[in-house]
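Colleague: Here's my sequence, what's the structure:
(2 chains)
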Amino acid sequence: MRIATYNVNGVNGRLPVLLRWLAESQPDVVCLQELKAPDEKFPEAAIRDAGYGAVWHGQKSWNGVAILARGCDPVETRRGLPGEPEDVQSRYLEAAVNGVLVGGLYLPNGNPKPGPKFDYKLRWFERLIAHAETLIGMDAPVVLAGDFNVMPTELDVYKPERWVDDALFAPEVREAYARLLGQGWTDALRTMHPDERIYTFWDYFRNAWGRNAGLRIDHLLCNAPAAKRLKTAEVDRFVRDWEKTSDHAPVWIELGA
DNA sequence: ATGTCTACCACAGGTAGA
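Modeller: Numbers count the residues shown, from 1 in each chain, chains lettered A, B, ... in the order given. Model (predicted):
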């Protein structure tokens, strides 16, 4: 079973790229982030025609997450994180697919730091940690997948010293990520590639892709039953090279039987 | 500070967010 995460940066503007990648890569489950579309503008028909059932949580202009499943409909188990009922941003969606529980998330960017956006990022992270605590011990495989907007270590940044004051690399954010992993989650990509400089995002600015000036901010975290089945974790870098592509590449894991 | 995308509103290009 292949489970992917892909920040599409606009699901409608990116639809040709998304459909081409689905056809070529044939993932079984896909967590999408940054739909940038309200619920009624989610391209359900095109995605169904591509062979995928979907659940989605949209929002006008910003954010928005979805979970796709090849050949079946994901069974939604949660929309939004507990803990801040006044929070209207669409950033978390959870669904069961063929016995695997998948949490798709888009953690706040948090820039500029300091400021209210950074404070929101830290609060959102604490809510994620609290909810993840209820998932980690499940008997079923659980995968938390998405754009975490965190580079966990210096190995995950092309030039760490340039990023120390940024909300994506701030010590308190890295500490929160480490605390989340400390519950027992396996960072799949880093576990399968322990020493490799491996990126999932390249800014549109300054020829970042051409220079491989990238960041590793899209992660798939496995609880123990999922980690036991982990076979492969890869980045579909070739997608970042396509015309009209997202600034993120898809990332995926393969779980064995 | 800059760079480049996307979506919005509304019809053009400025603004916001990343």
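Colleague: Show me which residues of the stretch 151-257 of chain A sit near DNA strand B.
Modeller: Within the stretch 151-257 of chain A, the residues that sit near DNA strand B (Cβ under 7 Å from any atom of the strand) are A:204-206, A:244. (Glycine included, C-beta is placed from N, CA and C.)
Colleague: ok, and the most crowded of the residues you listed?
Modeller: Of all those, residue A:204 has the most neighbours under the rule other Cβ atoms under 10 Å, reaching 11 neighbours.
Colleague: what's near enough to touch that one?
Modeller: Neighbouring residues of residue A:204 by Cβ atoms under 8 Å, 6 or more residues apart in numbering: residue A:247.
Colleague: what's the neighbour count on residue A:96?
Modeller: Residue A:96 has 16 neighbouring residues, counting by other Cβ under 10 Å.
Colleague: contacting residues for it?
Modeller: Contacts of residue A:96 by Cβ under 8 Å, 6+ apart are A:74-75, A:77, A:102.
Colleague: Kindly recompute the last result at 6 Å.
Modeller: Counting by Cβ atoms under 6 Å, 6 or more residues apart in numbering, residue A:96 makes contact with A:75, A:77.
Colleague: Which strand or helix spans it?
Modeller: Assessed by DSSP states H and E, residue A:96 sits inside strand A:92-97.
Colleague: One more: residue A:126?
Modeller: helix A:116-135.
Colleague: ok now that helix, how far from the chain's centre?
Modeller: Relative to its chain's centre, helix A:116-135 lies at 15 Å (Cα atoms, centre = their mean, to the nearest Å).
Colleague: Count the neighbours of residue A:210 for me.
Modeller: Residue A:210 - counted by other Cβ under 10 Å - has 9 other residues nearby.
Colleague: same check, this time on residue A:85
Modeller: Neighbour count for residue A:85, taken as other Cβ under 10 Å: 7.
Colleague: what about residue A:253, distance to residue A:27?
Modeller: Using Cβ to Cβ, to the nearest Å, we find residue A:253 at a distance of 10 Å from residue A:27.
Colleague: same question, residue A:227
Modeller: Taking Cβ to Cβ as the measure, residue A:227 falls 19 Å from residue A:27.
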